[in-house]
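Visitor: Need a 3D model of the sequence below.
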Amino acid sequence: MATKTFKGKEARRRVLGGSKEFRDNVAPSYGPQGGNAAILKLGSVPTITHDGATIADAVNLPHIDDDTLGYRVGSEALKGAAKKLTKIVGNGRTAGVILTHSIQSGINELLDKGHNAQDVRKGIEIAKNEVIDALETLNDPIDEQSDRVMEVATVAANGDEEIGELIADTIKKIGKDGVILVEAGVSLKLEPEIVEGFVIDRGWINPVFVTDAKTQEAVYDDPAILIKDGKISDNEELIQVIGGLKQSGRKNIIIIADEVERGVLVFLLDNMVKNIFNCVVINPPSYGQLRKDILQDIATLTGAVVVSDESNITFDSTGIEAAGSARKIIVGREETTIIDGGGDASKIEERIKLIKKQIEDSRTPYERDIYTRRSGALGGKIAIIRVGGVTETEISERKDRVDDSAASTKAALMEGVVAGGAITLVNLARFIQVNTYKSPLLVRLFSSRFKSEHSINAGKKVLRDAMVEPFLQLTKNAGLDGKKLLRKVQSAPVGYGFNVSSPESGLIDMKSAGIIDPTPVVREVIRTAVSMAATLGTMETLIVELPEKESQQESEY
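Guide: As a prediction, this is how the structure comes out:
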């Protein structure tokens, strides 16, 4: 396929055009007064959502003519940044998109004026470090019993107090290390349920096992769980036990093994395609003795037998008795959750006591941490929140809010909270020290070192100016004069701002008013935006594959 290359200013202009288009689609949803987006995919019902991640995921820019060549690079980069924030802290996507685009735009302007790209980038990185350090001074830690938990949960749910109260109550029951799963319900209500669960920090080994394309998860009810401490290299190892499970009516099979040879994988996939049985293969976590211990933990939890060449235990010798069970299993890209393992409760309790004894006897903080995690996992609690509604569209939109609320609340419990409503970003801009040079002529006349310092300072100013953009968008979505309110915030004490849902209240202490953001979310928004914008803004070459039609036309000449 033919390609087209763009250089320097033109390359950056096209990438920025794509990121602006992406930003303009996502930004109107930002904040409690932001609007919804209607998303229609072929063959499905429309989705009406306020969730930045869902909107971002739906944006796919065309790549059909010379005017838009390269736009998709900027759009997909911002989409990737939004997904990264979802993965790390579960929230902050829209603010991250707005901040990324603003920094990228500022970098483009500087480079077009002749500034050195690496010096500009250095300045932005220095400014980022200054605000990250300053963020720690604004942080207030919280715990599961704090009233702040409900405040964070409510803000993240776009002011929905029912969701906020439910998330806060759930976390008090399962603890900050517990897992919250959100599912579609059959009633009109939010229905929480606390169950026993176990989380493994490994997911499926291949995306072909995925059953839900949207979440990239393989989800099965009442699975049979087979565990091998070692490699599965031959189909014959599995045929008898799988045949026995199928005859007993169990078609959902989970295999946890160090490695599965290609021939075995082909055998499993072929049977899945033929609908003979369903399957997911998972690698066990960790290495060495710790891996063996965790496999035994899983076996105890599910009632399985760990098959091992070392112990001469095989699937043939144990038959279907080797298989454990659970009420449900959810296998994602990087994490697996086992819900309600079918193991003997007394044996599970005995193993937890054994591990707790090992905690007491541990000699190093590392050992103590490992044993504590294993004990917590075996006795872990999982909350399942079933979200109901009148229509699929309503359920989908409420699920997004519950997901955001849960993720933000757990992030806050990790470290603490800061003032919300984009006020902390505005406050942090004060900590960026920028030296300004009034005469550009001086910069041209003096040494290269002077020019370098000038570009570094210009880069710092780019981040300082960009930090106010989320606040301006938040107020714009509420129909307010953002620039006028910004001046008041900038001259007010740190932590004071406006509730955009009731601006008539004037300047308020945001934390006292319960308008707060998780500190990790704010930090990762800054880090991710700087990283992505600096990468895009300092590019010098853009190579784009031409659309097929254009490529064919060129080949005719």
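Visitor: could you pull out the helices for the stretch 451-557 of the chain?
Guide: Remark: helices assigned in the stretch 451-557 of the chain by DSSP state H, counting those that start in this stretch are 469-477, 482-491, 519-537, 548-555.
Visitor: quick one: which of the ones you listed is nearest R13?
Guide: Nearest to R13, of all those, is helix 519-537, at 11.2 Å by C-beta to C-beta. No exception for glycine: its C-beta is placed from N, CA and C like everyone else's.
Visitor: so where is the protein shaky, pLDDT-wise?
Guide: Applying pLDDT under 70 to the chain flags the ranges 1, 64, 365, 369, 436-449, 548-557.
Visitor: can you give me the strands for the stretch 351-500 of the chain?
Guide: With DSSP state E, counting those that start in this stretch as the criterion, the stretch 351-500 of the chain has strands at 381-387, 417-419, 496-497.
Visitor: right, I mislabeled it, should have said the stretch 151-300 of the chain
Guide: Here the stretch 151-300 of the chain has its strands, by DSSP E, counting those that start in this stretch, at 179-184, 190-200, 218-221, 224-232, 252-260, 278-282.
Visitor: helices or strands next to the first one in the packing?
Guide: When you say that, I think you mean strand 179-184. The helices and strands touching strand 179-184, judged by 3 or more C-beta pairs under 8 Å, 6 or more residues apart in numbering; DSSP states H and E, are helix 161-174, strand 336-341, strand 381-387, helix 392-415.
Visitor: mind checking which of those is nearest S502?
Guide: Of the helices and strands packed on strand 179-184, nearest to S502 by C-beta to C-beta is helix 161-174, at 15.0 Å.
Visitor: Please write out the alpha-carbon positions of that closest one in CSV.
Guide: The C-alpha coordinates for helix 161-174 follow below in CSV (Å, rounded to 0.1, in the frame of the first residue of the first chain):
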residue,chain,number,x,y,z
GLU,A,161,-26.4,10.5,45.7
GLU,A,162,-28.0,7.0,45.5
ILE,A,163,-24.9,5.7,43.7
GLY,A,164,-22.6,7.6,46.0
GLU,A,165,-24.2,6.2,49.1
LEU,A,166,-24.3,2.6,47.7
ILE,A,167,-20.6,2.7,46.8
ALA,A,168,-19.6,4.1,50.2
ASP,A,169,-21.6,1.5,52.0
THR,A,170,-20.2,-1.3,49.9
ILE,A,171,-16.6,-0.3,50.4
LYS,A,172,-17.2,-0.2,54.2
LYS,A,173,-18.3,-3.8,54.0
ILE,A,174,-15.6,-5.2,51.7
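Visitor: And for the residue nearest to E217 when sequence neighbours are not counted, the neighbour number?
Guide: The shortest distance from E217 to any non-neighbouring residue, by C-beta to C-beta, 6 or more residues apart in numbering, is to G332 (4.8 Å). Here the count is done by other C-beta atoms under 10 Å, and G332 has 17 residues near it.
Visitor: how about E76, what does it touch?
Guide: For E76, the contact set (C-beta atoms under 8 Å, 6 or more residues apart in numbering) comprises G18.
Visitor: sorry, back to before: format the helices of the stretch 451-557 of the chain as TSV; extra columns: mean neighbour count and distance to K410.
Guide: Listed next are these as TSV, based on neighbours: other C-beta atoms under 10 Å; distance: least, C-beta to C-beta, whole Å:
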stretch	mean neighbour count	distance to K410
helix 469-477	24	22
helix 482-491	15	29
helix 519-537	24	9
helix 548-555	12	46
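Visitor: Now render those helices as JSON lines, adding distance to G197.
Guide: Output for those, formatted as JSON lines (distance: least, C-beta to C-beta, whole Å):
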{"stretch": "helix 469-477", "distance to G197": "36"}
{"stretch": "helix 482-491", "distance to G197": "43"}
{"stretch": "helix 519-537", "distance to G197": "23"}
{"stretch": "helix 548-555", "distance to G197": "48"}
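Visitor: Out of the ones you listed, the one nearest I180 is which?
Guide: That would be, of the helices of the stretch 451-557 of the chain and by C-beta to C-beta, helix 519-537, which comes in at 16.5 Å.
Visitor: which helices and strands sit right next to the closest one?
Guide: Under the contact criterion of 3+ C-beta pairs under 8 Å, 6+ apart, helix 519-537 touches helix 8-26, helix 71-88, helix 93-112, helix 117-138, helix 392-415, strand 417-419, helix 423-428.
Visitor: repeat that with 7 Å
Guide: With contacts defined as 3 or more C-beta pairs under 7 Å, 6 or more residues apart in numbering; DSSP states H and E, helix 519-537 has these neighbours: helix 8-26, helix 71-88, helix 93-112, helix 117-138, helix 392-415, strand 417-419.
Visitor: Show me what the shortest one is packed up against.
Guide: Packing partners of strand 417-419 (3+ C-beta pairs under 7 Å, 6+ apart): strand 516-518, helix 519-537.
Visitor: I'd like these as TSV, with distance to L16 appended.
Guide: Listed next are the helices and strands packed on strand 417-419 as TSV, based on distance: least, C-beta to C-beta, whole Å:
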stretch	distance to L16
strand 516-518	28
helix 519-537	8
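Visitor: A58: what's it in contact with?
Guide: Neighbouring residues of A58 by C-beta atoms under 7 Å, 6 or more residues apart in numbering: I39.
Visitor: Tell me the bridge partners for A326.
Guide: G341 (DSSP bridges).
Visitor: Quick one: residues in contact with stretch 198-207.
Guide: With C-beta under 7 Å, 6+ apart, stretch 198-207 has contacts from 179, 210, 218, 280-285, 298, 301, 331-338, 341, 377-378, 380.
Visitor: Now for the nearest residue to N25 once chain neighbours are set aside: which residues touch it?
Guide: Excluding its sequence neighbours, the residue lying closest to N25 (C-beta to C-beta, 6+ apart) is V59, at 5.0 Å. Listed by C-beta under 7 Å, 6+ apart, the contact partners of V59 are 22, 25, 75, 79.
Visitor: Kind regards, and thank you for your time.
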